[in-house]
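Asker: Sequence first, predicted model second:
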Amino acid sequence: MGVSRWVFLIYSLLVIPPNPIGCLSSKEISEIPVSFLNFAKKAEVFDWMVGIRRRIHENPELGYEEFETSKLVREELDKMGIPYKYPVAVTGVVGFVGSGEPPFVALRADMDALAMQEMLEWEHKSKNPGKMHACGHDAHVAMLLGAAKILQEHREILKGTVVLVFQPAEEGGGGAKKMIDAGVIENVKAIFGLHVKPDLPVGEVESRPGSLLAGSGFFEAVISGKGGHAAIPQHSIDPIVAASNVIVSLQHLVSREADPLDSQVVTVGKFQGGGAFNVIPDSVTIGGTFRAFSKESLMQLRQRIEEVIVGQAAVQRCNATVNFLSTEKPFFPPTVNNKDLHNHFLKVASDMVGTANVKEMQPLMGSEDFSFFQEVIPGYFIFIGVKDEKNTKPASVHSPFFKINEDALPLGAALHASLAIRFLLESNAETPLLNQKLRDEL
Ligand code: NI
C-alpha cells in the first residue's frame, strides 16, 4: 500500500463518520426501533433505569419543589456528557442531544408527585409522608433519561437535535405553560409525550389522532345567606338550600345545554357548610371541575357555571362569588394529537412492537398539561402499558395503591428515542407537519 493510500485510510477513519447521515437505507431506518429496544433491554441499561425510577419513587416531590429529582436528572445528564439548561421554570431541566443545530424535536417528561399517602407496602415505598408518585411521573423521568442514553450512544445517526424537556408541576400547576414561556420549544418542530397506563399490558401502546384528553378547569363558590336557629328559618336566609339548588342546576348545563355528541362534565366535589344539627350557617362553599373536548365548549361552561351559581343563589335570596382559581390551577386546554404525527407514531411503534400491539384508544375526560405544548407546535401524546400481569384489577392512577410494572421502562425509553430520531431523519424543511400546523391555524 502506497503512502497516499495510508493517508486516505487514516483520513477516512478520522474524518468520515462510520454511518454518514443520509446513507441509512429505508430498511435500516425501519430497524431503528427494534435495535433501540434491544439496547434499552440490556441488563445494565434496564437496571440503571429501574434504579432511577425507584430513587425518585422513594423521594416524591410536589410541583415546583422537584429539587432533588431535578438534581438527579442533571447528574445523569452530566454522566452521559449531555449539555442542559437549568433552572427553567424553577426546577425544570432542558437537555440537548445531537448537533445543537436545527431541525429540533422535543421529548417531554413530567417530574412531580401527588399530595397523597402511599398505601402500597414495598421496598421502595415513598419516604415522604403525604406525598406519592401515584401517576407514574417517576417512570416518565426514568424513560426520558433512558431515551437520552440511547440517543447519545447513537448520536452518529442523529440529524439535528433532540430537546429533552424535564418539566415541573404537571399536576395542576401548569408547568408546561411556564416551560413554553421560558422559550424551550422555540424553533422546535414537534414534541412527543408519554404517560403510563396501568390497565394496558406491558408491550402495548395506544393513542389516537385528534382529541385525546379533555380540557379542564376548576371553580369554587361561596354562597352567603344569614345564619340563625334551625327552628326559626323565617329569620334566616338558608345557604344550604340555596347551594343544593345551585348544584342541581349546574347538572342541567351538560344534560340540557350541551350537544349530546360533545362530551362534557361538570362535577361538584366539594360542599362545605355548617357544623351543627340545629344551626343554619352563614355561608356554604362549593367547588368542582368542568371538562370538555374543545376550548369553545370549555369557555361556554365557564360562563354558564358563573351565571347559574350567581342567579340560582339569588333565587334563594343569597349572594354568591365564584372563583375560577386560574392562578393556582390554570385551565388546561384539550389534548389534541396532530394527525401527521399520529401516522409517524403508527409507523415507529408498529416497527417496534408489531401492529397488533399498537392500539387506537377512546378519548378520556382526564386532562394533561402537555396540551399547552400542542397549542404552540404539533404534538403527540401516547399511553404506554404498565400493567402488572399478576394483578387482575390494577389500581388506577392517583390511587394510593398505584403500581407500575417496571418491565415497561425499556419500551418507553426506546419509543421516545425512536420517535425523535426517525422524525429528524424523515423530516425536512418542507415537512407536511409544518403545513399541517399552518392548516390548523387557518
Ligand atoms: Ni400524570
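Answerer: Now that the structure is in, tell me what you want to look at.
Asker: For the rest of this, base every contact and every neighbour count on C-alpha atoms.
Answerer: Noted.
Asker: For the nearest residue to residue 317 once chain neighbours are set aside, list the residues it contacts.
Answerer: Counting by Cα to Cα, 6 or more residues apart in numbering, residue 237 is the residue found nearest to residue 317 once chain neighbours are left out, at 6.8 Å. Neighbouring residues of residue 237 by Cα atoms under 8 Å, 6 or more residues apart in numbering: 225, 226, 227, 316, 317, 318.
Asker: pLDDT score assigned to residue 237?
Answerer: At residue 237, the model reports a pLDDT of 98.
Asker: Equivalent analysis for the one 5 residues further on, please.
Answerer: According to the prediction, residue 242 has pLDDT 98.
Asker: what secondary structure does it sit in?
Answerer: For residue 242, the secondary structure call by DSSP: H, G, I helix; E, B strand; the rest coil comes out as helix.
Asker: List the residues that contact it.
Answerer: So residue 242 contacts 223, 312, 313, 315, 316, 318 (Cα under 8 Å, 6+ apart).
Asker: Could you work out the most separated pair of those?
Answerer: Using Cα to Cα, the two most remote members of the contacts of residue 242 are 223 and 315, lying 11.9 Å apart.
Asker: Comparing those two, which residue is more hemmed in?
Answerer: Set side by side, residue 223 and residue 315 show more neighbours around residue 223, with 26 against 12, by other Cα atoms under 10 Å.
Asker: domain assignment for the chain?
Answerer: Following automatic domain parsing, the chain resolves into domains at 15-213+334-431, 215-323.
Asker: deepest of the ones you listed, which one?
Answerer: For the domains of the chain, the largest average neighbour count (mean count of other Cα atoms under 10 Å) is found in domain 15-213+334-431, namely a mean of 20.
Asker: returning to that earlier point: mind putting the contacts of residue 237 into JSON lines with pLDDT?
Answerer: Formatted as JSON lines, those follow (pLDDT from 0 to 100):
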{"residue": "225", "pLDDT": "98"}
{"residue": "226", "pLDDT": "98"}
{"residue": "227", "pLDDT": "97"}
{"residue": "316", "pLDDT": "97"}
{"residue": "317", "pLDDT": "98"}
{"residue": "318", "pLDDT": "98"}
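Asker: Name the nearest of those residues relative to residue 191.
Answerer: Distance to residue 191 across the contacts of residue 237 (Cα to Cα) is lowest for residue 318, with 48.3 Å.
Asker: And the nearest residue to the closest one once chain neighbours are set aside, how close does it get to residue 309?
Answerer: Excluding its sequence neighbours, the residue lying closest to residue 318 (Cα to Cα, 6+ apart) is residue 225, at 4.8 Å. Per Cα to Cα, to the nearest Å, residue 225 is found 14 Å from residue 309.
Asker: What are the contacting residues of the longest strand seen in the chain?
Answerer: Scanning the chain for the longest strand, with DSSP state E as the assignment, gives strand 188-201. For strand 188-201, the surrounding residues in contact (Cα under 8 Å, 6+ apart) are 103-109, 135-137, 139-140, 370, 373-374, 377-389, 394-397, 403-404, 412, 416, 419-420, 433-434.
Asker: among these, which are in helices?
Answerer: If you go by DSSP state H, the contacts of strand 188-201 have 137, 139, 140, 370, 373, 374, 412, 416, 419, 420, 433, 434 in helices.
Asker: who's in contact with the second one?
Answerer: Think residue 139. Contacts for residue 139 (Cα under 8 Å, 6+ apart) come out as 53, 196, 406, 409.
Asker: Between all of these, which two are at the greatest distance?
Answerer: Pairwise distances across the contacts of residue 139 (Cα to Cα) peak at 13.0 Å, for the pair 53 and 196.
Asker: what bridges to the residue nearest to residue 317?
Answerer: Assessed by DSSP bridges, residue 237 has beta-bridge partners residue 226.
Asker: Could you check how far it is from residue 48?
Answerer: According to Cα to Cα, residue 237 and residue 48 sit 63 Å apart.
Asker: next one: residue 142
Answerer: Distance from residue 142 to residue 48, by Cα to Cα: 9 Å.
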